[in-house]
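S.K.: Quick one, structure for this:
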Amino acid sequence: MFSSNQVGSMEAAESPGTPAASASAYYALFLLAAANLLCAGDRMIMSVLIEPIKLDLHLTDTQMGIVSGLAFAIFNAVALLPIGMLADRFSRRKLIAICLALWSGMTALGSQAHSFMQLLLIRIGVGVGEAGSGPIGISIIADNFPPQRRARAISIFFVSSPLGVLIAYSMGGWLAEHYSWRMAMFAAGVPGLFLAPLLWLTMADPQRGSAGAKPDKPMPFREAVTIVWQRRSVAHTMIGIGLLNFVVAGVSTWGPSFLLRSHHINLGTIGPLLAATSVAGMLGAFLGGQLTDRLAASDKRWLCWIPATAVLLAMIPLTGFLLAPSLLGAMSFNVVYGLLVAIYMGPSYSLIQTVVAPSMRATANSMTYLLSGAIGFGLGPLAVGMLSDALSPLGTASLRYGILAIAIVLAWSAFHLQRAARTLQADLAAQDSLN
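M.R.: Got it, this is the predicted structure:
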(Lines give C-alpha, C1' and ligand atoms only; values in the text may rest on other atoms or scores of the structure.)
Protein backbone atom coordinates (compact mmCIF):
# COMPACT_ATOMS: atom_id res chain seq x y z
CA MET A 1 0.00 0.00 0.00
CA PHE A 2 1.05 3.59 -0.48
CA SER A 3 1.69 5.91 2.38
CA SER A 4 -0.62 8.89 2.61
CA ASN A 5 2.15 11.14 1.30
CA GLN A 6 2.76 8.89 -1.68
CA VAL A 7 -0.90 8.77 -2.55
CA GLY A 8 -1.13 12.53 -2.31
CA SER A 9 1.85 13.10 -4.57
CA MET A 10 1.01 10.34 -7.06
CA GLU A 11 -2.47 11.33 -8.19
CA ALA A 12 -4.49 10.64 -5.13
CA ALA A 13 -8.20 10.46 -4.53
CA GLU A 14 -10.38 12.96 -6.26
CA SER A 15 -11.42 15.76 -3.96
CA PRO A 16 -13.15 19.10 -4.15
CA GLY A 17 -9.72 20.55 -4.90
CA THR A 18 -9.21 18.42 -7.99
CA PRO A 19 -8.61 20.76 -10.95
CA ALA A 20 -11.35 20.75 -13.55
CA ALA A 21 -10.66 20.21 -17.21
CA SER A 22 -11.26 23.15 -19.54
CA ALA A 23 -13.88 23.47 -22.25
CA SER A 24 -11.11 23.18 -24.85
CA ALA A 25 -10.07 19.90 -23.27
CA TYR A 26 -13.55 18.46 -23.73
CA TYR A 27 -13.74 19.82 -27.27
CA ALA A 28 -10.44 18.12 -28.08
CA LEU A 29 -11.73 14.91 -26.47
CA PHE A 30 -14.81 15.07 -28.72
CA LEU A 31 -12.73 15.53 -31.89
CA LEU A 32 -10.25 12.84 -30.91
CA ALA A 33 -13.06 10.42 -30.08
CA ALA A 34 -14.60 11.12 -33.49
CA ALA A 35 -11.25 10.38 -35.15
CA ASN A 36 -10.93 7.18 -33.11
CA LEU A 37 -14.45 6.19 -34.18
CA LEU A 38 -13.43 6.53 -37.83
CA CYS A 39 -10.18 4.71 -37.12
CA ALA A 40 -12.03 1.69 -35.70
CA GLY A 41 -14.61 1.76 -38.47
CA ASP A 42 -12.05 1.98 -41.28
CA ARG A 43 -9.98 -0.78 -39.71
CA MET A 44 -12.91 -3.15 -39.26
CA ILE A 45 -14.91 -2.40 -42.43
CA MET A 46 -13.03 -5.29 -44.04
CA SER A 47 -14.60 -7.70 -41.55
CA VAL A 48 -18.16 -7.28 -42.78
CA LEU A 49 -16.97 -7.26 -46.39
CA ILE A 50 -14.84 -10.43 -46.25
CA GLU A 51 -17.39 -12.67 -47.94
CA PRO A 52 -18.29 -10.43 -50.94
CA ILE A 53 -14.62 -9.41 -51.46
CA LYS A 54 -13.51 -13.03 -51.25
CA LEU A 55 -16.12 -14.00 -53.85
CA ASP A 56 -15.45 -11.06 -56.16
CA LEU A 57 -11.65 -11.31 -56.13
CA HIS A 58 -11.48 -15.12 -55.78
CA LEU A 59 -9.43 -15.14 -52.56
CA THR A 60 -8.92 -17.73 -49.80
CA ASP A 61 -9.49 -17.32 -46.05
CA THR A 62 -5.74 -17.14 -45.55
CA GLN A 63 -5.43 -14.31 -48.11
CA MET A 64 -8.28 -12.45 -46.45
CA GLY A 65 -6.52 -12.94 -43.11
CA ILE A 66 -3.40 -11.35 -44.58
CA VAL A 67 -5.28 -8.41 -46.07
CA SER A 68 -7.51 -7.75 -43.07
CA GLY A 69 -4.86 -8.39 -40.42
CA LEU A 70 -1.21 -9.13 -41.14
CA ALA A 71 -0.52 -6.58 -43.90
CA PHE A 72 -2.30 -3.85 -41.96
CA ALA A 73 -0.50 -4.70 -38.73
CA ILE A 74 3.04 -5.04 -40.06
CA PHE A 75 3.15 -1.59 -41.62
CA ASN A 76 1.11 -0.12 -38.80
CA ALA A 77 3.79 -1.42 -36.44
CA VAL A 78 6.60 -0.06 -38.62
CA ALA A 79 5.04 3.40 -38.54
CA LEU A 80 4.08 3.46 -34.86
CA LEU A 81 7.41 4.22 -33.21
CA PRO A 82 8.52 6.92 -35.67
CA ILE A 83 5.12 8.61 -35.37
CA GLY A 84 5.26 8.35 -31.58
CA MET A 85 8.73 9.90 -31.58
CA LEU A 86 7.54 12.75 -33.82
CA ALA A 87 4.49 13.30 -31.62
CA ASP A 88 6.72 13.76 -28.56
CA ARG A 89 8.62 16.52 -30.41
CA PHE A 90 6.32 18.29 -32.86
CA SER A 91 2.71 19.43 -33.22
CA ARG A 92 0.44 16.54 -32.28
CA ARG A 93 -2.59 18.37 -33.69
CA LYS A 94 -1.12 18.61 -37.17
CA LEU A 95 0.33 15.11 -37.09
CA ILE A 96 -2.93 13.39 -36.17
CA ALA A 97 -4.80 15.41 -38.84
CA ILE A 98 -2.31 14.23 -41.48
CA CYS A 99 -2.64 10.63 -40.31
CA LEU A 100 -6.44 10.85 -40.38
CA ALA A 101 -6.43 12.18 -43.95
CA LEU A 102 -4.07 9.38 -45.01
CA TRP A 103 -6.00 6.43 -43.57
CA SER A 104 -9.36 7.82 -44.66
CA GLY A 105 -8.17 8.46 -48.20
CA MET A 106 -6.67 4.98 -48.48
CA THR A 107 -9.88 3.41 -47.16
CA ALA A 108 -11.91 5.19 -49.83
CA LEU A 109 -9.35 4.16 -52.44
CA GLY A 110 -9.92 0.53 -51.43
CA SER A 111 -13.15 0.68 -53.40
CA GLN A 112 -11.04 0.62 -56.57
CA ALA A 113 -9.08 -2.56 -55.77
CA HIS A 114 -9.38 -5.31 -58.38
CA SER A 115 -6.77 -7.81 -57.18
CA PHE A 116 -5.25 -9.22 -54.03
CA MET A 117 -2.09 -7.15 -54.50
CA GLN A 118 -3.97 -3.89 -54.98
CA LEU A 119 -6.06 -4.53 -51.89
CA LEU A 120 -2.91 -5.46 -49.97
CA LEU A 121 -1.14 -2.20 -50.85
CA ILE A 122 -4.18 -0.11 -49.97
CA ARG A 123 -4.56 -1.78 -46.57
CA ILE A 124 -0.87 -1.12 -45.93
CA GLY A 125 -1.61 2.59 -46.46
CA VAL A 126 -4.51 2.41 -44.01
CA GLY A 127 -2.25 0.76 -41.45
CA VAL A 128 0.42 3.45 -41.74
CA GLY A 129 -2.13 6.25 -41.32
CA GLU A 130 -3.88 4.67 -38.35
CA ALA A 131 -0.56 4.44 -36.50
CA GLY A 132 -1.15 8.03 -35.41
CA SER A 133 -4.64 7.80 -33.99
CA GLY A 134 -4.41 6.19 -30.57
CA PRO A 135 -0.85 7.11 -29.52
CA ILE A 136 -1.28 10.80 -30.31
CA GLY A 137 -4.88 11.04 -29.11
CA ILE A 138 -4.16 9.46 -25.71
CA SER A 139 -1.09 11.66 -25.25
CA ILE A 140 -3.18 14.81 -25.82
CA ILE A 141 -5.91 13.60 -23.46
CA ALA A 142 -3.34 12.86 -20.74
CA ASP A 143 -2.13 16.47 -20.95
CA ASN A 144 -5.66 17.89 -21.01
CA PHE A 145 -7.11 16.05 -18.00
CA PRO A 146 -5.82 15.82 -14.41
CA PRO A 147 -4.76 12.35 -13.22
CA GLN A 148 -7.84 11.90 -11.05
CA ARG A 149 -10.09 12.18 -14.12
CA ARG A 150 -7.74 10.60 -16.64
CA ALA A 151 -9.09 7.02 -16.73
CA ARG A 152 -12.61 8.33 -17.35
CA ALA A 153 -11.46 10.67 -20.13
CA ILE A 154 -9.48 7.89 -21.80
CA SER A 155 -12.43 5.52 -21.45
CA ILE A 156 -14.65 8.07 -23.24
CA PHE A 157 -12.08 8.20 -26.03
CA PHE A 158 -12.22 4.42 -26.33
CA VAL A 159 -16.03 4.27 -26.14
CA SER A 160 -15.94 5.51 -29.71
CA SER A 161 -14.16 2.34 -30.89
CA PRO A 162 -17.11 -0.07 -30.54
CA LEU A 163 -19.38 2.65 -31.88
CA GLY A 164 -17.19 2.90 -34.96
CA VAL A 165 -17.29 -0.88 -35.38
CA LEU A 166 -21.09 -0.83 -35.03
CA ILE A 167 -21.42 1.80 -37.75
CA ALA A 168 -19.01 -0.10 -39.99
CA TYR A 169 -20.94 -3.33 -39.53
CA SER A 170 -24.35 -1.70 -39.93
CA MET A 171 -23.74 0.70 -42.79
CA GLY A 172 -21.11 -1.49 -44.42
CA GLY A 173 -23.36 -4.53 -44.43
CA TRP A 174 -26.37 -2.59 -45.69
CA LEU A 175 -24.43 -0.84 -48.46
CA ALA A 176 -22.74 -4.08 -49.51
CA GLU A 177 -26.07 -5.91 -49.70
CA HIS A 178 -28.00 -3.18 -51.52
CA TYR A 179 -25.21 -1.70 -53.66
CA SER A 180 -21.73 -3.27 -53.50
CA TRP A 181 -18.77 -3.80 -51.22
CA ARG A 182 -17.00 -1.06 -53.19
CA MET A 183 -19.63 1.50 -52.24
CA ALA A 184 -19.34 0.44 -48.60
CA MET A 185 -15.56 0.89 -48.66
CA PHE A 186 -15.80 4.32 -50.28
CA ALA A 187 -18.44 5.52 -47.81
CA ALA A 188 -16.29 4.43 -44.88
CA GLY A 189 -13.36 6.59 -45.97
CA VAL A 190 -15.05 9.87 -46.89
CA PRO A 191 -15.98 11.27 -43.41
CA GLY A 192 -12.35 11.38 -42.28
CA LEU A 193 -11.44 13.65 -45.16
CA PHE A 194 -13.79 16.26 -43.67
CA LEU A 195 -12.76 15.74 -40.04
CA ALA A 196 -9.02 16.05 -40.73
CA PRO A 197 -9.03 19.79 -41.57
CA LEU A 198 -11.33 20.45 -38.61
CA LEU A 199 -8.75 18.88 -36.30
CA TRP A 200 -5.94 20.88 -37.90
CA LEU A 201 -7.74 24.23 -37.73
CA THR A 202 -9.70 24.16 -34.47
CA MET A 203 -8.15 21.81 -31.89
CA ALA A 204 -5.60 23.09 -29.38
CA ASP A 205 -2.44 21.10 -28.65
CA PRO A 206 -1.83 21.36 -24.87
CA GLN A 207 1.57 21.83 -23.32
CA ARG A 208 3.17 18.48 -22.51
CA GLY A 209 2.89 17.72 -18.82
CA SER A 210 0.28 20.43 -18.29
CA ALA A 211 -1.95 18.07 -16.25
CA GLY A 212 -0.36 16.28 -13.36
CA ALA A 213 3.40 16.45 -13.99
CA LYS A 214 6.06 18.94 -14.95
CA PRO A 215 7.12 19.03 -18.60
CA ASP A 216 10.56 17.75 -19.47
CA LYS A 217 12.70 17.68 -22.58
CA PRO A 218 12.28 14.83 -25.05
CA MET A 219 15.07 12.30 -24.64
CA PRO A 220 16.78 10.23 -27.33
CA PHE A 221 14.47 7.66 -28.85
CA ARG A 222 16.43 4.58 -27.79
CA GLU A 223 16.75 5.84 -24.23
CA ALA A 224 13.01 6.56 -24.05
CA VAL A 225 12.13 3.06 -25.28
CA THR A 226 14.54 1.53 -22.75
CA ILE A 227 13.09 3.49 -19.84
CA VAL A 228 9.51 2.68 -20.81
CA TRP A 229 10.29 -1.03 -21.10
CA GLN A 230 12.11 -1.02 -17.74
CA ARG A 231 8.87 0.00 -16.04
CA ARG A 232 7.75 -3.58 -15.48
CA SER A 233 4.14 -2.67 -14.75
CA VAL A 234 3.99 -0.90 -18.12
CA ALA A 235 5.73 -3.77 -19.93
CA HIS A 236 3.31 -6.37 -18.54
CA THR A 237 0.35 -4.13 -19.36
CA MET A 238 1.57 -3.70 -22.93
CA ILE A 239 2.01 -7.45 -23.40
CA GLY A 240 -1.41 -8.10 -21.84
CA ILE A 241 -3.08 -5.63 -24.20
CA GLY A 242 -1.32 -7.18 -27.19
CA LEU A 243 -2.43 -10.71 -26.30
CA LEU A 244 -5.97 -9.54 -25.60
CA ASN A 245 -6.16 -7.91 -29.01
CA PHE A 246 -4.92 -11.12 -30.63
CA VAL A 247 -8.26 -12.62 -29.60
CA VAL A 248 -10.35 -9.47 -30.06
CA ALA A 249 -9.02 -8.92 -33.59
CA GLY A 250 -9.54 -12.56 -34.52
CA VAL A 251 -13.11 -12.57 -33.24
CA SER A 252 -13.99 -9.12 -34.65
CA THR A 253 -12.55 -9.86 -38.07
CA TRP A 254 -14.10 -13.29 -38.51
CA GLY A 255 -17.20 -12.94 -36.31
CA PRO A 256 -19.44 -11.67 -39.12
CA SER A 257 -18.28 -14.51 -41.40
CA PHE A 258 -18.92 -16.99 -38.60
CA LEU A 259 -22.50 -15.74 -38.30
CA LEU A 260 -22.96 -15.88 -42.07
CA ARG A 261 -21.62 -19.41 -42.36
CA SER A 262 -22.87 -21.07 -39.17
CA HIS A 263 -26.16 -19.24 -38.56
CA HIS A 264 -27.01 -18.47 -42.20
CA ILE A 265 -27.84 -14.79 -41.87
CA ASN A 266 -27.34 -12.20 -44.61
CA LEU A 267 -25.07 -9.17 -44.79
CA GLY A 268 -27.86 -6.69 -44.16
CA THR A 269 -28.62 -8.14 -40.72
CA ILE A 270 -25.02 -8.13 -39.46
CA GLY A 271 -25.27 -4.59 -38.09
CA PRO A 272 -28.54 -4.96 -36.19
CA LEU A 273 -27.40 -8.29 -34.74
CA LEU A 274 -24.10 -6.88 -33.50
CA ALA A 275 -25.58 -3.58 -32.31
CA ALA A 276 -26.15 -4.87 -28.79
CA THR A 277 -22.58 -6.15 -28.63
CA SER A 278 -21.21 -2.77 -29.70
CA VAL A 279 -23.36 -0.99 -27.12
CA ALA A 280 -22.07 -3.44 -24.50
CA GLY A 281 -18.52 -2.62 -25.59
CA MET A 282 -19.18 1.10 -25.17
CA LEU A 283 -20.67 0.44 -21.73
CA GLY A 284 -17.73 -1.73 -20.75
CA ALA A 285 -15.19 0.91 -21.80
CA PHE A 286 -17.08 3.63 -19.93
CA LEU A 287 -17.65 1.59 -16.76
CA GLY A 288 -14.04 0.44 -16.71
CA GLY A 289 -12.88 4.04 -16.46
CA GLN A 290 -15.54 5.07 -13.94
CA LEU A 291 -14.95 2.10 -11.65
CA THR A 292 -11.19 2.33 -11.81
CA ASP A 293 -11.01 6.04 -10.97
CA ARG A 294 -13.03 5.33 -7.84
CA LEU A 295 -11.20 2.23 -6.64
CA ALA A 296 -7.71 3.37 -7.65
CA ALA A 297 -8.07 6.40 -5.38
CA SER A 298 -7.29 4.06 -2.47
CA ASP A 299 -5.06 1.52 -4.24
CA LYS A 300 -3.53 2.08 -7.66
CA ARG A 301 -3.29 -1.66 -8.26
CA TRP A 302 -6.95 -1.67 -9.25
CA LEU A 303 -5.62 -0.33 -12.57
CA CYS A 304 -4.32 -3.89 -13.03
CA TRP A 305 -6.81 -6.03 -11.14
CA ILE A 306 -9.96 -4.80 -12.91
CA PRO A 307 -8.72 -5.46 -16.48
CA ALA A 308 -7.18 -8.83 -15.53
CA THR A 309 -10.40 -10.08 -13.96
CA ALA A 310 -12.58 -8.91 -16.84
CA VAL A 311 -10.33 -10.48 -19.49
CA LEU A 312 -10.19 -13.83 -17.71
CA LEU A 313 -13.96 -13.95 -17.31
CA ALA A 314 -14.42 -13.13 -21.01
CA MET A 315 -13.35 -16.67 -21.94
CA ILE A 316 -16.72 -18.01 -20.76
CA PRO A 317 -19.08 -15.94 -22.95
CA LEU A 318 -16.73 -16.20 -25.94
CA THR A 319 -16.97 -19.98 -25.77
CA GLY A 320 -20.74 -19.68 -25.44
CA PHE A 321 -20.93 -17.40 -28.49
CA LEU A 322 -19.13 -19.96 -30.65
CA LEU A 323 -20.86 -23.11 -29.40
CA ALA A 324 -24.43 -21.94 -28.76
CA PRO A 325 -26.81 -23.87 -31.06
CA SER A 326 -29.17 -20.95 -31.62
CA LEU A 327 -28.56 -17.48 -33.01
CA LEU A 328 -30.25 -15.88 -30.00
CA GLY A 329 -28.05 -17.77 -27.58
CA ALA A 330 -24.91 -16.92 -29.53
CA MET A 331 -25.69 -13.22 -29.62
CA SER A 332 -26.56 -13.14 -25.92
CA PHE A 333 -23.16 -14.58 -25.05
CA ASN A 334 -21.51 -12.15 -27.46
CA VAL A 335 -22.99 -9.17 -25.64
CA VAL A 336 -21.40 -10.26 -22.36
CA TYR A 337 -18.11 -10.97 -24.12
CA GLY A 338 -18.16 -7.51 -25.75
CA LEU A 339 -18.69 -5.80 -22.39
CA LEU A 340 -15.89 -7.67 -20.62
CA VAL A 341 -13.17 -7.24 -23.25
CA ALA A 342 -13.73 -3.46 -23.37
CA ILE A 343 -13.26 -2.84 -19.64
CA TYR A 344 -9.46 -2.75 -19.85
CA MET A 345 -9.28 0.35 -22.06
CA GLY A 346 -9.54 3.15 -19.50
CA PRO A 347 -7.52 1.60 -16.63
CA SER A 348 -4.74 0.01 -18.70
CA TYR A 349 -3.98 3.08 -20.80
CA SER A 350 -4.36 5.32 -17.74
CA LEU A 351 -1.70 3.23 -16.00
CA ILE A 352 0.71 3.79 -18.87
CA GLN A 353 0.09 7.57 -18.92
CA THR A 354 0.55 7.74 -15.14
CA VAL A 355 3.78 5.74 -14.86
CA VAL A 356 5.53 7.22 -17.92
CA ALA A 357 6.94 10.75 -18.06
CA PRO A 358 4.96 13.28 -20.17
CA SER A 359 7.76 13.60 -22.73
CA MET A 360 7.59 9.83 -23.41
CA ARG A 361 3.83 9.25 -23.42
CA ALA A 362 3.34 9.20 -27.19
CA THR A 363 6.34 6.88 -27.52
CA ALA A 364 4.94 4.57 -24.82
CA ASN A 365 1.53 4.63 -26.50
CA SER A 366 3.16 3.77 -29.81
CA MET A 367 4.98 0.85 -28.22
CA THR A 368 1.67 -0.38 -26.83
CA TYR A 369 -0.07 -0.05 -30.16
CA LEU A 370 2.88 -1.76 -31.84
CA LEU A 371 2.49 -4.84 -29.66
CA SER A 372 -1.27 -4.67 -29.99
CA GLY A 373 -1.01 -4.39 -33.76
CA ALA A 374 1.74 -6.94 -34.33
CA ILE A 375 0.41 -9.58 -31.92
CA GLY A 376 -3.25 -8.67 -32.15
CA PHE A 377 -4.36 -7.35 -35.51
CA GLY A 378 -1.38 -8.87 -37.29
CA LEU A 379 -1.53 -12.45 -36.07
CA GLY A 380 -5.09 -12.80 -34.72
CA PRO A 381 -7.05 -12.66 -38.02
CA LEU A 382 -4.30 -14.57 -39.83
CA ALA A 383 -4.25 -17.35 -37.21
CA VAL A 384 -8.02 -17.78 -37.46
CA GLY A 385 -7.90 -17.79 -41.26
CA MET A 386 -5.14 -20.40 -41.35
CA LEU A 387 -6.87 -22.57 -38.75
CA SER A 388 -10.12 -22.32 -40.70
CA ASP A 389 -8.37 -23.44 -43.89
CA ALA A 390 -6.62 -26.28 -42.03
CA LEU A 391 -9.95 -27.45 -40.60
CA SER A 392 -11.74 -27.22 -43.95
CA PRO A 393 -12.79 -30.92 -43.79
CA LEU A 394 -15.25 -29.79 -41.10
CA GLY A 395 -17.07 -27.66 -43.67
CA THR A 396 -18.70 -24.47 -42.39
CA ALA A 397 -17.79 -25.47 -38.81
CA SER A 398 -14.09 -24.94 -39.58
CA LEU A 399 -14.32 -21.23 -38.81
CA ARG A 400 -16.16 -21.88 -35.54
CA TYR A 401 -13.34 -24.05 -34.22
CA GLY A 402 -10.67 -21.84 -35.71
CA ILE A 403 -11.90 -18.96 -33.56
CA LEU A 404 -12.46 -21.21 -30.52
CA ALA A 405 -8.82 -22.36 -30.64
CA ILE A 406 -7.50 -18.86 -29.92
CA ALA A 407 -9.79 -18.20 -26.93
CA ILE A 408 -7.23 -19.65 -24.48
CA VAL A 409 -4.97 -16.66 -25.20
CA LEU A 410 -7.30 -14.59 -23.00
CA ALA A 411 -5.93 -16.41 -19.95
CA TRP A 412 -2.39 -15.53 -21.02
CA SER A 413 -3.40 -11.89 -21.38
CA ALA A 414 -5.01 -11.84 -17.93
CA PHE A 415 -1.81 -13.24 -16.42
CA HIS A 416 0.25 -10.30 -17.68
CA LEU A 417 -2.35 -7.69 -16.75
CA GLN A 418 -2.38 -9.08 -13.21
CA ARG A 419 1.42 -9.31 -13.01
CA ALA A 420 1.60 -5.57 -13.63
CA ALA A 421 0.25 -5.04 -10.11
CA ARG A 422 3.39 -6.51 -8.53
CA THR A 423 5.64 -3.64 -9.56
CA LEU A 424 3.15 -0.81 -10.03
CA GLN A 425 3.83 0.81 -6.66
CA ALA A 426 7.58 0.81 -7.20
CA ASP A 427 7.21 2.16 -10.73
CA LEU A 428 4.90 4.93 -9.56
CA ALA A 429 7.34 5.86 -6.79
CA ALA A 430 10.22 5.97 -9.28
CA GLN A 431 8.28 8.25 -11.61
CA ASP A 432 7.02 10.41 -8.76
CA SER A 433 10.61 11.02 -7.62
CA LEU A 434 11.33 12.56 -11.02
CA ASN A 435 8.43 15.06 -10.87
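S.K.: Identify the residues contacting the nearest residue to residue 158 once chain neighbours are set aside.
M.R.: Among residues not flanking residue 158 along the chain, residue 345 sits closest, at 3.8 Å (Cβ to Cβ, 6 or more residues apart in numbering). The C-beta positions use only the backbone N, C-alpha and C, and glycine is treated the same way. If you count contacts by Cβ atoms under 8 Å, 6 or more residues apart in numbering, residue 345 has them with 154-155, 158, 161, 285, 288-289.
S.K.: how does it look with 6 Å?
M.R.: Going by Cβ atoms under 6 Å, 6 or more residues apart in numbering, residue 345 touches 155, 158, 285.
S.K.: List just the nearest of those residues to residue 189.
M.R.: residue 158 (21.9 Å; Cβ to Cβ).
S.K.: Is it correct that the closest one is in contact with residue 286?
M.R.: No. Applying Cβ atoms under 6 Å, one finds residue 158 not in contact with residue 286, separated by 8.7 Å.
S.K.: The two: who's more crowded?
M.R.: For residue 158 versus residue 286, neighbours defined as other Cβ atoms under 10 Å are more numerous around residue 158 (27 against 19).
S.K.: what helix or strand does the more buried one sit in?
M.R.: helix 147-178 (DSSP states H and E).
S.K.: avg pLDDT for the helix or strand that comes right after that helix?
M.R.: Per DSSP H and E, the first helix or strand lying C-terminal to helix 147-178 is helix 181-202. Averaging pLDDT along helix 181-202 gives 94.
S.K.: And the contacts of helix 181-202?
M.R.: Contacts of helix 181-202 (Cβ under 6 Å, 6+ apart): 31, 34, 38, 41-42, 45, 49, 52-53, 94, 97, 100-101, 104, 107-108, 110-111, 172, 175-176.
S.K.: Can you tell me which of these are buried?
M.R.: The neighbour count (16 or more other Cβ atoms under 10 Å) marks 31, 34, 38, 41-42, 45, 49, 52-53, 97, 100-101, 104, 107-108, 110-111, 172, 175-176 as buried among the contacts of helix 181-202.
S.K.: Residue 240 is in contact with residue 419, isn't it?
M.R.: No. Look at residue 240 against residue 419 with Cβ under 6 Å: they stay out of range, at 8.1 Å.
S.K.: Is residue 290 within a helix or a strand, and which one?
M.R.: For residue 290, the host element (DSSP H and E) is helix 270-295.
S.K.: What is that helix packed up against?
M.R.: Contact partners of helix 270-295 among helices and strands, from 3 or more Cβ pairs under 6 Å, 6 or more residues apart in numbering; DSSP states H and E: helix 147-178, helix 302-313, helix 327-342, helix 345-355.
S.K.: what distance separates that helix from the middle of the whole chain?
M.R.: The chain centre lies 13 Å from the centre of helix 270-295; the measure is Cα atoms, centre = their mean, to the nearest Å.
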